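Chemist: Have a look; sequence and predicted model below, questions after that.
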Amino acid sequence: MTDLVSAWPLFGLTVHCGDVRLRAVRDDDLPELLDLFPGDVEMDPAHPALDGTPGGDRARRLVQSVWRHRATWSVDDWALDLRVERDGRAVGVVTLEGTSFPMLRTVDTASWIAQDARGRGTAVLMRAGAIGLAFQRLGAVAAISSARVDNAASLAVSRRLGYRDNGVSLIVTEAGPAQLTHLRLERSTWVAPERIEIEGLEPCLPVFGLS
């Protein structure tokens with residue numbers, strides 16, 4: 001019987017950054033991740049925080065996003081959801097995204113972290129692991145990030161990792177216009193905060209259109 005790693009090699013990919021471990025989200029991870037999913041997460045800068053969203057709707061959005069990213073994967077446009085572990089337990093998810101990647105060689109990230117796991121630098125290490133994979137092994141030349149101006153935590157992580165301001169824009173939300181801050185990090189200026197180790201990438205390269 002063919003195992004899932006043979007069919008979807010990304011399930012065998014692991015990234016370590018310091019004592020934080022990243023691996024592709026599997027379906028059997030979802031119940032645990034749903035229990036951790038915080039109410040203040042920004043699924044997308046265009047949407048408000050989910051504090052008032054019913055639990056079932058929030059759970060469905062998380063599960064659908066994971067399935068959608070797998071189902072729509074192509075070498076041109078992809079999104080890799082990575083389960084974040086620290087001290088042997090799941091603490092969140094970081095998503096590494098490449099849009100028109102063969103041409104632009106630029107990645108974006110989105111992430112969330114359980115409320116009881118915050119304040120220990122995990123957000124920095126998980127983002128560093130994801131963009132380290134992109135810079136060191138996938139050939140990315142830049143990483144971008146966007147956050148609302150009131151999302152101080154996300155902006156602090158970006159600046160801690162060396163991202164520089166790259167303009168602002170307005171988006172339409174249910175509550176009215178909101179301002180986004182855009183940031184950019186060049187591979188040439190990237191300095192990893194911890195040693196990054198990557199395992200199981202070789203079988204994944206064709207999935208990224210690489211050899």
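Modeler: Happy to help now that I have it. Since the structure is predicted, the reported quantities are computational estimates derived from the model, not experimental observations.

Chemist: What count of nearby residues applies to His69?
Modeler: Neighbour count for His69, taken as other CB atoms under 10 Å: 16. C-beta here means a position set from N, CA and C on the backbone, and glycine is covered the same way.

Chemist: Just the element for the closest residue to it other than its chain neighbours, please.
Modeler: Sequence neighbours aside, Ala79 is the residue nearest to His69 in space, at 4.1 Å (criterion: CB to CB, 6 or more residues apart in numbering). Element membership for Ala79 (DSSP states H and E) is strand 77-86.

Chemist: Walk me through which strands that strand pairs with, and which way each runs.
Modeler: Neighbouring strands of strand 77-86 in its sheet, by DSSP bridges, are strand 20-24 (antiparallel), strand 89-99 (antiparallel).

Chemist: Centroid-nearest residue for the protein?
Modeler: Compute the mean C-alpha point of the chain, and by CA atoms, centre = their mean the closest residue is Thr95, 2.1 Å away.

Chemist: Report the angle between the helix or strand of the chain with the lowest mean pLDDT and strand 89-99.
Modeler: When the helices and strands of the chain are scored by mean pLDDT, DSSP states H and E, helix 55-71 comes last with a mean of 88. Helix 55-71 and strand 89-99 are oriented at 50 degrees to each other (axes from the mean of the first three to the mean of the last three CA atoms, to 10 degrees).

Chemist: Which elements pack onto the helix or strand hosting Met126?
Modeler: Element membership of Met126 [criterion: DSSP H and E] is helix 122-137. Other elements packing on helix 122-137 under the criterion 3 or more CB pairs under 8 Å, 6 or more residues apart in numbering; DSSP states H and E are strand 14-17, strand 20-24, strand 77-86, strand 89-99, strand 106-113, strand 142-148, helix 152-160, strand 196-199.

Chemist: Touching stretch 193-202 from outside, list them.
Modeler: 9, 12-18, 124-125, 128-129, 132-133, 136-137, 160-161 (CB atoms under 8 Å, 6 or more residues apart in numbering).

Chemist: ok, the residue nearest to His69 - how many residues close by?
Modeler: As a burial measure, Ala79 scores 20 neighbours (other CB under 10 Å).

Chemist: Same question for Met126.
Modeler: Count around Met126 with other CB under 10 Å applied: 29.

Chemist: Check the one 4 residues further on too.
Modeler: Per other CB under 10 Å, the neighbour tally for Ala130 reads 26.

Chemist: Spatially, what comes nearest to it if we skip its sequence neighbours?
Modeler: Setting aside the residues directly before and after it, Ala130 is nearest to Leu96 in space (CB to CB, 6+ apart), at 4.4 Å.

Chemist: Make sure the residue nearest to His69 is actually in contact with Thr95.
Modeler: Yes. Contact status for Ala79 versus Thr95: in contact at 5.5 Å, counting by CB atoms under 8 Å.

Chemist: coming back round to it: let's see the strand holding Ala79 as CSV, backbone CA atoms only.
Modeler: C-alpha atoms of strand 77-86 as CSV (Å, rounded to 0.1, in the frame of the first residue of the first chain):
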residue,chain,number,x,y,z
ASP,A,77,1.2,29.2,-6.7
TRP,A,78,1.4,27.3,-3.4
ALA,A,79,0.8,27.6,0.3
LEU,A,80,2.5,25.2,2.8
ASP,A,81,0.8,24.9,6.2
LEU,A,82,3.4,23.9,8.8
ARG,A,83,2.5,22.6,12.3
VAL,A,84,4.7,24.4,14.9
GLU,A,85,6.0,22.4,17.9
ARG,A,86,7.9,23.5,20.9
